[in-house]
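here are the coordinates; sequence isn't available:
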């Protein structure tokens with residue numbers, strides 16, 4: 001009914017980018033061309049940011065597509081990520097409940113509330129849960145669950161929190177060091193953004209729960225070993 005596959009680059013996009021996920025899907029499952037609301041998505045239900053690895057979900061039938069879309073809308077699909085962030089969090093686990101909207105430059109950013117009101121009427125509710133897995137020198141490996149599906153949610157939330165994701169060129173530090181309270185952390189280079197879609201759970205049409213897990217890719221593991229060395 002559905003397909004789970006690791007994100008990979010494999011028709012061209014409007015920007016003439018080759019090797020897309022859609023092209024790979026249509027090559028392997030040509031029947032997906034008419035699944036969904038837009039042909040270029042080939043049954044894909046959700047998205048991952050560029051260079052973010054891990055699980056994506058695509059439906060093989062229109063019925064399942066609508067079913068999964070409804071599950072996302074009702075927040076019944078569980079999505080967990082693994083990420084490496086700058087600095088150490090003060091608590092082993094917690095919640096970031098900050099609306100996300102666009103800045104004056106058009107970038108998605110977290111907008112703290114003023115009293116009980118949102119800063120901007122166009123902001124959208126966004127909730128992110130996190131749990132510390134391991135502290136590695138001046139960095140932390142965390143598990144993240146998003147209860148809402150806003151664009152750039154994890155990246156915008158942790159940037160606002162003062163703990164941007166390592167390798168994030170848009171939300172990460174722009175200088176050679178990142179100041180976290182009274183401490184300065186050296187900004188390090190990474191082969192990609194250190195964010196990985198790790199676990200995805202949803203229900204099939206028969207109501208049975210399906211859980212899929214994507215292990216960390218080699219480059220992610222190698223980066224962790226580099227931090228530890």
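Ah, there it is. All values reported here derive from a predicted model rather than from experimental measurement.

helices of this structure, start to end?
21-28, 62-73, 153-160, 218-228 (DSSP state H).

does anything pack onto the longest one? Which helices or strands?
Counting by 3 or more C-beta pairs under 8 Å, 6 or more residues apart in numbering; DSSP states H and E, the packing neighbours recorded for helix 62-73 are strand 53-59, strand 195-203. In this view, the C-beta of every residue, glycine as well, is placed from N, C-alpha and C.

please apply the same query to the last one.
Using 3+ C-beta pairs under 8 Å, 6+ apart as the contact criterion, the secondary-structure elements in contact with helix 218-228 are strand 78-86, strand 127-136.

quick one on the thing from earlier: what's the least confident stretch among the helices and strands packed on helix 62-73?
Between the helices and strands packed on helix 62-73, the one with the least mean pLDDT is strand 53-59; it has a mean of 92.

quick one: buried residues of stretch 36-48?
Buried residues in stretch 36-48, counting neighbours by 16 or more other C-beta atoms under 10 Å, are found at 36, 41-46, 48.

then stretch 96-103?
The neighbour-count check on stretch 96-103 (16+ other C-beta under 10 Å) flags 96, 98-101 as buried.

how long is that stretch end to end?
19 Å (C-alpha to C-alpha, to the nearest Å).

now the helices of the chain in JSON lines, with mean neighbour count, mean pLDDT and distance to residue 134?
What follows is the helices of the chain, written out as JSON lines (neighbours: other C-beta atoms under 10 Å; pLDDT from 0 to 100; distance: least, C-beta to C-beta, whole Å):
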{"stretch": "helix 21-28", "mean neighbour count": "17", "mean pLDDT": "87", "distance to residue 134": "30"}
{"stretch": "helix 62-73", "mean neighbour count": "16", "mean pLDDT": "93", "distance to residue 134": "30"}
{"stretch": "helix 153-160", "mean neighbour count": "24", "mean pLDDT": "95", "distance to residue 134": "16"}
{"stretch": "helix 218-228", "mean neighbour count": "14", "mean pLDDT": "95", "distance to residue 134": "8"}
